[in-house]
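Q: Sequence first, then the predicted structure, then my questions.
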Amino acid sequence: MGRLSARILAATLLVAIVFVAAPGRAGPHGVLEQALVDLLSDSGDKAEEIAGKLADLADPNALPALEALCDERLRKGPDGTLYIEGQDRQTITYAVTGEKATPSADALGKVEMSNALRRAVLPVLAQLRLGSPDRQVRLAAAEELAKRGSNAVAPLLRNAHDHEKDAGVRKALALALAQLDLYSENRERRLQALGVLGELGGAEMESELVRLTSRGDDGRPLEADEQVRTAAAATLRAIEDRARVVGILRDVTHGISLASVLLFAALGLAVTFGLMGVINMAHGEMLMVGAYVTYSVEVFFDQRLPSFSHWYLAAAIPIAFAVTTLLGILLERLVIRHLYGRQLETLLATWGISLMLMQSVRLLYGAQNVAVSNPPWLSGGVELAHGWVLTYNRLAVVAFVVVVATAVWSVLRYTTLGIKVRAVAQNRAMAACLGVPTARLDAWVFGLGSGVAGLGGVALSQLGNVGPELGQTYIIDAFMVVVLGGVGKLAGTVSAAVGLGIINKLVEPFAGAVLGKIAILLLIIVFIQRRPEGLFASKGRVEA
């Protein structure tokens with residue numbers, strides 16, 4: 001009898017151990033898995049209610065399963081067990097416990113994600129992410145709850161706000177709470193929410209604030225509380241004023257970015273135009289060539305050196321400069337040198353060269369635009385204010401043009417080449433009599449100007465798509481910069497590029513892109529009529 005009892009007890013314990021230890025089954029995670037199964041089994045009518053029950057569990061083990069559901073990596077076995085397919089599409093783990101599983105991939109069914117299910121799951125995901133140790137995860141969760149949160153998550157937001165130490169995340173949590181409290185029945189809480197929105201809110205709240213300050217068809221205010229209406233009106237004015245200021249600052253920063261591109265296009269043009277008097281309509285195509293060289297270098301790194309693909313830009317800069325410099329020297333030796341002193345003919349010849357270069361690019365790369373991806377260290381940006389983000393790629397372009405402009409100025413100021421360039425620009429005949437090799441100097445200067453334009457193409461590739469007509473977009477503006485700044489004057493070119501870039505971005509919101517260009521052109525014409533020599537007049541004797 002004792003042996004029989006021992007055997008029964010051993011069998012019972014074995015069954016209990018197997019039952020409890022089975023991953024994804026009963027045990028401490030049984031309630032969670034049942035909630036997930038109920039959520040996925042619902043047709044959509046009660047998805048939000050079931051998701052609310054799932055949120056009440058506040059179980060962090062639900063986070064991987066819900067993330068996998070949103071990424072369409074959640075799988076369901078024949079017996080109803082939930083699994084997660086890894087990012088590598090090779091590993092399989094139990095959805096609830098995270099333990100490795102080895103089911104047959106063919107036996108697993110894909111869990112479909114409906115719109116109703118997505119709407120129900122996203123707030124729960126954000127709620128669970130609020131407890132993440134990663135700042136970016138918490139920040140994204142707070143922003144998600146601000147868009148989709150409900151009164152049910154208000155206590156969670158308050159608790160998270162009270163314990164949050166990061167200023168950026170606290171700001172996002174305060175904004176999410178304010179958007180919820182705006183609909184509270186407590187007047188003081190609503191007034192406090194309006195104060196927060198006045199300080200932190202953006203354009204997304206304007207429609208609701210307008211509703212609070214509007215009147216219905218019967219002439220009665222839609223918001224019965226006069227104090228709330230007054231506070232809502234003040235908040236609306238504060239948001240509009242801040243949006244106006246931020247818009248101006250954003251336009252100025254974008255204008256500086258545009259000025260950087262114009263300066264790249266105009267730097268070489270200012271030197272060659274001032275030295276040789278050549279109207280080079282193919283100068284814009286040097287920008288295009290530099291951009292396509294950058295694209296080719298990126299493709300080469302992706303295919304041949306994938307482990308170093310993040311550093312393709314460092315290799316593209318010297319390669320683009322060398323290619324466009326050699327191309328410029330070649331054009332000067334074969335075509336431009338035979339047309340000195342005949343500006344109309346140089347204009348027509350270089351225009352034909354620009355068409356040939358564009359068609360060559362179409363044959364090599366196709367007529368469609370190609371995309372050059374930003375390396376990881378140029379991705380992202382810094383948010384200075386709501387709606388105003390300084391992206392790293394634009395900051396890098398501005399810094400890059402400062403370095404290039406300083407290098408060009410140093411070459412012209414402190415090197416023998418620079419002295420000869422300035423001598424030829426002032427009096428070519430006298431410089432030739434003194435032994436300056438003007439023909440060779442012309443080739444080097446034309447090549448240098450083309451190389452600088454090629455560097456501009458590298459910068460442009462980081463700001464947008466690259467296409468055969470890329471150079472045509474900037475060539476006219478580049479000539480306007482050169483003429484406005486003063487022919488052959490580097491300081492004038494820099495000043496004109498910055499001025500035109502900022503003015504262009506400030507005028508566009510009011511007049512539109514086309515009318516803005518026309519207005520700027522008229523201003524330049526009036527300025528040149530009053531001051532033909534440009535912002536910076538040439539000093540010394542100039543060859544007639």
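A: Arrived safely.
Q: Now do the contacts for residue 118.
A: With contacts defined as Cβ atoms under 8 Å, 6 or more residues apart in numbering, residue 118 is in contact with residue 70. Backbone N, C-alpha and C define where each C-beta goes, glycine included.
Q: pretty sure it is in a helix, no?
A: Yes: looking at residue 118 with DSSP: H, G, I helix; E, B strand; the rest coil, it is inside a helix.
Q: which residues of the stretch 251-400 of the chain fall in helices?
A: Assigned helices in the stretch 251-400 of the chain, in chain order: 283-304, 312-334, 343-365, 392-414 (criterion: DSSP state H, counting those that start in this stretch).
Q: From residue 269, how far off is residue 505?
A: 22 Å (Cβ to Cβ, to the nearest Å).
Q: Going by how many neighbours each has, rank those two and give me the top one.
A: More crowded of residue 505 and residue 269, by other Cβ atoms under 10 Å: residue 269, with 27 against 21.
Q: Show the pLDDT at that one.
A: Residue 269 is assigned 79 on the pLDDT scale.
Q: thinking it is in contact with residue 450, fair?
A: No: if you go by Cβ atoms under 8 Å, residue 269 and residue 450 don't touch, sitting 9.7 Å apart.
Q: Mind listing the shared neighbours of those two?
A: In contact with both residue 269 and residue 450: residue 283, using Cβ under 8 Å, 6+ apart.
Q: shaky segments in the stretch 51-200 of the chain?
A: 51-61, 71, 87-90, 95-96, 104-107, 112-113, 116, 122, 146-153 (pLDDT under 70).
Q: Mind jotting down where the helices sit in it?
A: 62-70, 115-129, 135-148, 154-163, 167-181, 187-200.
Q: can you pull the buried residues of the third one?
A: Neighbour-count burial for helix 135-148, counted by 16 or more other Cβ atoms under 10 Å, picks out 137, 138, 139, 140, 141, 142, 143, 144, 145, 146, 148.
Q: Stretch 426-435 spans what distance, first to last residue?
A: 15 Å (Cα to Cα, to the nearest Å).
Q: Burial check on the residue nearest to residue 331 when sequence neighbours are not counted, number of neighbours?
A: In space, and not counting its chain neighbours, residue 331 is closest to residue 353: 6.4 Å by Cβ to Cβ, 6 or more residues apart in numbering. Here the count is done by other Cβ under 10 Å, and residue 353 has 18 residues near it.
Q: Please name the residues that touch residue 353.
A: Contacts of residue 353 by Cβ under 8 Å, 6+ apart are 281, 282, 285, 331, 335.
Q: Identify the farthest-apart pair in the residues you listed.
A: Greatest spatial distance in the contacts of residue 353: 285 and 335, 13.4 Å, computed using Cβ to Cβ.
Q: the more surrounded of the two?
A: residue 285 (31 against 15).
Q: any idea how far residue 473 is from the more buried one?
A: Taking Cβ to Cβ, one finds residue 285 at 11 Å from residue 473.
Q: what's the pLDDT at residue 308?
A: pLDDT, residue 308: 88.
Q: Surely it touches residue 301?
A: Yes: counting by Cβ under 8 Å, residue 301 is a contact partner of residue 308 at 6.1 Å.
Q: In terms of neighbours, single out the busier of these two.
A: Counted by other Cβ under 10 Å, residue 308 and residue 301 do not tie: residue 301 has more neighbours, with 20 against 12.
Q: give the contact list for the more buried one.
A: Counted by Cβ under 8 Å, 6+ apart, residue 301 has contacts 308, 309, 311, 312, 315.
Q: Could you dump the helices of the stretch 51-200 of the chain into CSV with distance to residue 243 added?
A: Output for these, formatted as CSV (distance: least, Cβ to Cβ, whole Å):
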stretch, distance to residue 243
helix 62-70, 32
helix 115-129, 26
helix 135-148, 18
helix 154-163, 25
helix 167-181, 15
helix 187-200, 12
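Q: Residue 295 is nearest to which of the ones you listed?
A: With Cβ to Cβ as the measure, helix 135-148 is the member of the helices of the stretch 51-200 of the chain nearest residue 295 (30.6 Å).
Q: so what does the closest one touch, helix or strand wise?
A: Judged by 3 or more Cβ pairs under 8 Å, 6 or more residues apart in numbering; DSSP states H and E, the packing partners of helix 135-148 are helix 115-129, helix 154-163, helix 167-181.
Q: Could you tell me the angle between it and helix 167-181?
A: 20 degrees (axes from the mean of the first three to the mean of the last three Cα atoms, to 10 degrees).
Q: okay, the angle between helix 135-148 and helix 62-70?
A: 70 degrees.
Q: orientation of helix 135-148 relative to helix 154-163 in degrees?
A: On the basis of the same axes, to 10 degrees, helix 135-148 is oriented at 140 degrees to helix 154-163.
Q: Report the distance from helix 135-148 to the chain centre.
A: Taking the mean of its C-alpha atoms, helix 135-148 sits 20 Å from the chain's own mean (Cα atoms, centre = their mean, to the nearest Å).
Q: Run through who's touching that helix.
A: By Cβ under 8 Å, 6+ apart, helix 135-148 touches 119, 122-123, 125-130, 132, 153, 157, 160, 164, 166, 168-169, 172-173, 175-176, 179.
Q: These, buried ones only, as a ChimeraX selection?
A: Buried residues within the contacts of helix 135-148, by 16+ other Cβ under 10 Å, are selected in ChimeraX with:
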select :122,123,125,126,127,128,129,130,153,157,160,164,169,172,173,175,176,179
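Q: Pull out the buried residues from stretch 437-451.
A: Judged by neighbour count (16+ other Cβ under 10 Å), stretch 437-451 contains these buried residues: 438, 441, 442, 443, 444, 445, 446, 447, 448, 449, 450, 451.
Q: Quick one: classify the third one as helix, strand or coil.
A: In three-state terms, and counting by three-state DSSP, residue 442 is helix.
Q: on that earlier part again, so which of the helices of the stretch 251-400 of the chain gets nearest residue 432?
A: For those, proximity to residue 432 was assessed by Cβ to Cβ; helix 312-334 is nearest, at 17.1 Å.
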